[in-house]
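Sequence first, predicted coordinates after that:
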Amino acid sequence: MTAATAEDQRARERVKLSIDRASAIFAEKNIRFTDLRRKVFEEIASTHASVGAYEVLDRLAKKGTRLAPISIYRALDALLEAGVVHRLESKNAYFACRQLHKPRTGKRPMFLSCEKCGAVQEVDGDEIFTAIDAAAHGAKFEPRVRFAEVSGTCHECAARRQS
Ligand SMILES: [Zn+2]
Ligand SMILES: [Zn+2]
């Protein structure tokens, strides 16, 4: 097996594992993981960066599943609600939750989005949210912040720049 196919194999296994986890989360929340939701999730989980709704639409069309944009958006809403995908507001794009393999703590995540390669990482941002809540409450304001996005340069891109 060449290096490339071994990597493909690992990537496929990762996607399969994400689908299994997503399916378990849907079951736990009593939401149906329909065939369409699964297909949309698979497209999102198989990219390393984030993808837009129309890109998902195009990819599914190439595989023979032609859908109306509204169907994609409905599936995306269900995936967002279940918490198995997140939306990057700055790009209006979606990515699979990077924490599906971890026990869920209810902590709010911070998304680290690479400006060069588009990779998205997810880290615990709870301290930041606590600070935002405190500052907002100080102004008698009820904040509604569930995620934070930070753009910058990922580890791989930074290493590439230095070599
Ligand atoms: Zn997540
Ligand atoms: Zn990068």
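Received, thanks. Ligands and ions are numbered 1, 2, ... in the order given.

got the contact list for the nearest residue to residue 88 once chain neighbours are set aside?
Closest residue in space to residue 88, ignoring its immediate chain neighbours: residue 50 at 5.2 Å, by C-beta to C-beta, 6 or more residues apart in numbering. All C-beta spots, glycine's among them, are computed from the backbone N, C-alpha and C. Residues near residue 50 by C-beta atoms under 8 Å, 6 or more residues apart in numbering: 88, 91, 93-95, 113, 118, 120.

Filter those residues down to the ones in strands?
88, 93-95, 113, 120 (DSSP state E).

Around the residue of the chain found nearest ligand 1, how many other residues sit close by?
For the chain, the residue closest to ligand 1 is residue 97, as judged by C-beta to the ion, at 3.2 Å. Residue 97 has 23 neighbours, counted by other C-beta atoms under 10 Å.

So it sits against residue 86, correct?
Yes. Contact between residue 97 and residue 86 holds when scored by C-beta atoms under 8 Å: they sit 6.0 Å apart.

joint contacts of the two?
Counting by C-beta under 8 Å, 6+ apart, the residues touching both residue 97 and residue 86 are residue 122.

wait, does stretch 43-62 make contact with ligand 2?
No. Using C-beta under 5 Å from the ion, stretch 43-62 stays clear of ligand 2, coming no nearer than 8.7 Å.

Give the buried residues for that stretch.
Across stretch 43-62, burial judged by 16 or more other C-beta atoms under 10 Å covers 43-47, 50-51, 53, 55-57, 59-60.

Contacts (any at all) between ligand 1 and it?
No. Stretch 43-62 lies apart from ligand 1 when judged by C-beta under 5 Å from the ion; the minimum separation is 12.0 Å.

same deal with stretch 68-79?
No. Shown here: stretch 68-79 not in contact with ligand 1 (C-beta under 5 Å from the ion), separated by at least 11.4 Å.

tell me the mean pLDDT for that stretch?
Across stretch 68-79, pLDDT averages out at 96.

buried stuff in that stretch?
72, 74-76, 78-79.

Which residue ranges make up the domains of the chain?
Under the assignment automatic domain parsing, the domains of the chain span 1-98, 105-163.

okay, the ones you listed, which one's buried deepest?
Among the domains of the chain, domain 1-98 has the highest mean neighbour count (mean count of other C-beta atoms under 10 Å), at a mean of 16.

Tell me how far that domain lies from the chain's centre.
Centre-to-centre, domain 1-98 and its host chain are 8 Å apart (C-alpha atoms, centre = their mean, to the nearest Å).
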